[in-house]
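**Student:** How does the following fold in three dimensions:
(one chain, ligands or ions: 1)
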Amino acid sequence: MEQNMNLEKADALKEEANECFKKQNYVKAITLYSNAIECNPTSAVLYANRSFAYLRTECFGYALEDASKAISLDKTYVKGYYRRAASYMALGKTKLALKDYETVFKARPNDKDAKLKFNECSKIVRQQAFERAIAVDTVKKSVSESINIDSMAVESTYTGPHLVNGRVTLEFMQELMDAYKDQKKLHRKYAFQILLEVAELFKAQPSLIDVTIPEDSKFTVCGDIHGQFYDLMNIFKLNGLPSTENPFLFNGDFVDRGSFSVECIFTLFGFKLLYPNHFFMARGNHESQTMNQMYGFEGEVKSKYSSQMAELFTEVYNWLPLCHCLNQRVLVMHGGLFSRDGISLEDIRITDRNRQPPEEGIMCELLWSDPQPMKGRSPSKRGVGIQFGPDVTARFLEHNHLDYIVRSHEVKSDGYEEAHDGKCITVFSAPNYCDTMGNKGAFITMNGKDMKPHFTTYEAVPHPDVKPMAYANSMMSLFG
Ligand SMILES: [Mn+2]
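**Tutor:** Sure thing, here's the model as predicted:
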């Protein structure tokens, strides 16, 4: 009797969760699926459904765990393999994804969707194997070494902004942003020029940058932008344009998901060149090749320019600094802290960053980790990096004589969140993330005197009718 009651309750909770999922309220759906699982811990369907909701909230580690659990409960449950394949794809583990898509395809040979995904995934695996083969066979010259800017002509029909003697000026930046607002493009010659120059600038810098904010000056920290160019323009409208008097730090994840990533990155790189000592940019987990391949940036660059430029972006992103320390009191990184205690600022400063983010270690954790409310450390819900508790933050701050840390990386409904007794602040600057999350955006301002964080929040502004993920790999829109 008790058992039946629980099964009925689990079913009712599942129905309610499914409704929330349909309304894109994934967080509530996850809670309800979890309650349903408590009532009936042997249902593969419940785990597969929760896995889907985790996929939608970018908790790919949890999504993978749930899909694996669904398969272990019922090896014939095809949806379990579907979900696990999607989790592997999201984590960039394409070979493992292919195995699961093959299982699905064999179980349902007449299912069009299963066939499509299997074929798409095979294509990606083959292409990656091919790319690895040429990387071994040939000593490939980097794009930055082999490109010839002088040979590129600017046609007389071009009406966009011009660099002045190869230099970015304030007038250029204003014209560039105006051109972008009208959905025009920067000439490819100038685009390449900006990329080469900004690469030189970043190359000369350490992995950890020390920033000095004078006592009576304001400093602004922004979080994820994710290709939302019109919201980026709104930040400048609310907080003023960057200048030597109005310095900014953008804390990674400039691109991917939003379909105006090219516009965002050239605007930000332009300001970096204009104000190299008052405009800062840190690497996020999305300034990487696998992320850009899946979440739209690579597709967007290929569509608006060329695959050669997409390759050059990969080279430039490898030189982005990993972390900024403000007035020796506040440490700012995209993801968070580390899998062990005792890491010093010097350890970060000397980290060799000219590479794709590795799967573990200091660089990986700076870009991928998240805070958690519980003490100690846990495996990441994302499947990469770690989760760190308030005690970990406290020990890190004490060890390095810091006041607090600022990080980004997670969407928050108010655009920011103060965790760990106010010592770990999240700032996220992409409002209504992916046009669906309904969150506010936020940025932090502080002055050099007390370094106290002030929060400004704002709603999303309209953008032209190009949907997020419009340039993403077709596998990613197939998350179902
Ligand atoms: Mn991120």
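**Student:** For the residue in the stretch 51-200 of the chain positioned nearest to the ion, list the residues it contacts.
**Tutor:** Residue nearest to the ion within the stretch 51-200 of the chain: E58 (8.6 Å; CB to the ion). The way it works is simple: take the backbone N, C-alpha and C, and place the C-beta from them, glycine included. Applying CB atoms under 8 Å, 6 or more residues apart in numbering, one finds that E58 lies in contact with 90, 382.
**Student:** Grab the CA positions of stretch 162-181 and hand them over as CSV.
**Tutor:** Extracted in CSV, the C-alpha atoms of stretch 162-181 (Å, rounded to 0.1, in the frame of the first residue of the first chain):
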residue,chain,number,x,y,z
HIS,A,162,38.7,52.7,-41.1
LEU,A,163,41.6,52.2,-38.9
VAL,A,164,43.7,55.4,-38.8
ASN,A,165,47.3,54.5,-39.9
GLY,A,166,46.6,51.0,-38.6
ARG,A,167,45.5,52.4,-35.2
VAL,A,168,42.2,52.2,-33.3
THR,A,169,41.0,55.6,-32.3
LEU,A,170,37.9,56.8,-30.3
GLU,A,171,36.3,57.9,-33.5
PHE,A,172,36.9,54.4,-35.0
MET,A,173,35.3,52.8,-32.0
GLN,A,174,32.2,55.0,-32.2
GLU,A,175,31.8,54.3,-35.9
LEU,A,176,32.4,50.6,-35.3
MET,A,177,29.6,50.4,-32.7
ASP,A,178,27.3,52.4,-34.9
ALA,A,179,28.0,50.1,-37.8
TYR,A,180,27.3,47.1,-35.7
LYS,A,181,24.1,48.5,-34.4
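**Student:** mean confidence score for it?
**Tutor:** Over the span of stretch 162-181, the pLDDT mean works out to 96.
**Student:** again, but for stretch 239-252
**Tutor:** The average pLDDT within stretch 239-252 is 98.
**Student:** can you pull the buried residues of that stretch?
**Tutor:** Using 16 or more other CB atoms under 10 Å as the test for burial, stretch 239-252 gives 239, 242, 246-252.
**Student:** that's a strand at E58, yeah?
**Tutor:** No. Remark: E58 does not belong to a strand; assigned using DSSP: H, G, I helix; E, B strand; the rest coil, it is coil.
**Student:** if we can go back for a sec, out of the buried residues of stretch 239-252, which is nearest to D150?
**Tutor:** Here the nearest of the buried residues of stretch 239-252 to D150, counting by CB to CB, is P242; it sits at 30.0 Å.
**Student:** Now do the buried residues in the lowest-mean-pLDDT helix or strand in the chain.
**Tutor:** Scoring the helices and strands of the chain by mean pLDDT, DSSP states H and E places helix 112-137 at the bottom, with a mean of 85. Across helix 112-137, burial judged by 16+ other CB under 10 Å covers 114, 117-118, 120-121, 124-125.
**Student:** go on, stretch 192-208?
**Tutor:** The neighbour-count criterion (16+ other CB under 10 Å) identifies 192-199, 202, 207-208 as the buried residues of stretch 192-208.
**Student:** For the helix or strand that contains T220, give the mean pLDDT please.
**Tutor:** Applying DSSP states H and E as the criterion places T220 in strand 218-222. This predicted structure assigns strand 218-222 an average pLDDT of 98.
**Student:** Stretch 471-480 now?
**Tutor:** When pLDDT is averaged along stretch 471-480, the result is 68.
**Student:** next one: stretch 12-27
**Tutor:** Taken as a whole, stretch 12-27 carries a mean pLDDT of 94.
**Student:** Just the C-alpha atoms of it, please, in PDB.
**Tutor:** What follows is stretch 12-27, C-alpha atoms only, in PDB (Å, rounded to 0.1, in the frame of the first residue of the first chain):
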ATOM      1  CA  ALA A  12       2.000  13.100 -10.100                       C
ATOM      2  CA  LEU A  13       5.300  14.900  -9.400                       C
ATOM      3  CA  LYS A  14       6.600  13.700 -12.800                       C
ATOM      4  CA  GLU A  15       3.600  15.200 -14.500                       C
ATOM      5  CA  GLU A  16       4.100  18.500 -12.700                       C
ATOM      6  CA  ALA A  17       7.800  18.500 -13.500                       C
ATOM      7  CA  ASN A  18       7.100  17.900 -17.200                       C
ATOM      8  CA  GLU A  19       4.800  20.900 -17.200                       C
ATOM      9  CA  CYS A  20       7.500  23.100 -15.700                       C
ATOM     10  CA  PHE A  21      10.000  21.800 -18.200                       C
ATOM     11  CA  LYS A  22       7.600  22.700 -21.100                       C
ATOM     12  CA  LYS A  23       7.400  26.200 -19.600                       C
ATOM     13  CA  GLN A  24      11.200  26.300 -19.600                       C
ATOM     14  CA  ASN A  25      11.300  26.500 -15.800                       C
ATOM     15  CA  TYR A  26      14.100  24.000 -15.600                       C
ATOM     16  CA  VAL A  27      15.200  24.700 -12.000                       C
END
